[in-house]
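Participant: Sharing a model prediction with you, sequence too.
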Amino acid sequence: MAEQIAPASAGPTDAPVRPGAPTKRDAAVVRDALGVGVAVGLSGFAFGVTAAGSGLTLLQTCALSLLVFTGASQFALVGALAAGGNPLTAAAGAFFLGVRNAFYGLRLSQLLALPRAVRPFAAQWVIDETTAVSLAQPTRRAARIGFTVTGLTLYVLWNLTTLLGALGAEAIGDTDAWGLDAAGPAVFLALLAPMLRTPAERAVAALAILLGLGLLPVLPAGVPVLLSALAAPVVLYLSGRRSPAHGPAADPGEAPRRPADDADGEGTGRDTGRRPGNR
């Protein structure tokens, strides 16, 4: 989906994409991206073991990581299969969970502004982690570096550990004891938390969590994640209803009004005829 929308003009790569954000050295971006890629990539062990336990062959397990490459959807699919679910139902749940990547692609296409020939390949790496790392960068150049390093590191490690996990499923044993399945969500939350700066952003995050957790027991896998996105328009709507109570918003180009101006009738649209020294 990342290849479908792109701005007509990419603009300079060192132009700030988040006004007021501090600049960041390339080495720091690479370091952060490698940290995310390595931490989350290791959780491929858990997927390989789970997929092998659900009855998938080695070829099927590796093909999922190579071609699908979205961990939450892959876990949803093999988890449903392991529980004895219908393959079509399991695939549908994984599909709904992966729809969120399409929305990521719409945002990243404008942020990264990649050449048209590169976009179909970059679309394969549009996932939670690459999106979070890219959006956290202050410039387009840093966002591109973060996206590329995170995507490449995570893709290589995820597929390698998937293969190792599927081959050594019996030797690894219970992946829950290793805690590998928690690496991805933990890293994503660590990246997201510093970006919640305003009360509205924090309210959206809190409401999204409540919706996701509340709907999880009653809806198919993937649907609660999509419905939790409704938190954003709900918070924006409520914020819009509260704003008129504080008076109309000032024109950005209008000078601040002083109380003395109103007392003299200036700035109110009426001319009192007063001049300095006149009564």
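Facilitator: Received, thanks. This is a predicted model, so every value here is computed, not measured.

Participant: hey, let's count contacts and neighbours off CA atoms from now on
Facilitator: OK.

Participant: how many neighbours does residue 77 have?
Facilitator: By other Cα atoms under 10 Å, 26 other residues sit near residue 77.

Participant: Just list what the helix or strand hosting it packs against, helices and strands only.
Facilitator: Here residue 77 sits within helix 71-82, counting by DSSP states H and E. Judged by 3 or more Cα pairs under 8 Å, 6 or more residues apart in numbering; DSSP states H and E, the packing partners of helix 71-82 are helix 44-53, helix 87-98.

Participant: Would you tell me which of those gets closest to residue 227?
Facilitator: Of all the helices and strands packed on helix 71-82, helix 87-98 sits nearest to residue 227, with 10.7 Å by Cα to Cα.

Participant: Beyond that closest one, next helix or strand please.
Facilitator: Downstream of helix 87-98, the next assigned helix or strand under DSSP H and E is helix 100-112.

Participant: can you pull the buried residues of that next one?
Facilitator: Judged by neighbour count using 16 or more other Cα atoms under 10 Å, the buried positions of helix 100-112 are 100-102, 104-106, 108-112.

Participant: Quick one: mean pLDDT for that helix?
Facilitator: Throughout helix 100-112, pLDDT has a mean value of 91.

Participant: now do stretch 161-173
Facilitator: Rounded mean pLDDT across stretch 161-173 is 82.

Participant: now stretch 139-150
Facilitator: 94.

Participant: Now stretch 57-68 - C-alpha only, CSV.
Facilitator: What follows is stretch 57-68, C-alpha atoms only, in CSV (Å, rounded to 0.1, in the frame of the first residue of the first chain):
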residue,chain,number,x,y,z
THR,A,57,5.6,-27.7,7.3
LEU,A,58,9.0,-26.1,7.2
LEU,A,59,8.4,-24.7,3.7
GLN,A,60,5.0,-23.2,4.7
THR,A,61,6.4,-21.7,7.9
CYS,A,62,9.3,-20.0,6.0
ALA,A,63,7.0,-18.9,3.2
LEU,A,64,4.8,-17.0,5.7
SER,A,65,7.7,-15.0,7.0
LEU,A,66,9.2,-14.3,3.6
LEU,A,67,6.0,-13.3,1.9
VAL,A,68,3.6,-12.1,4.6
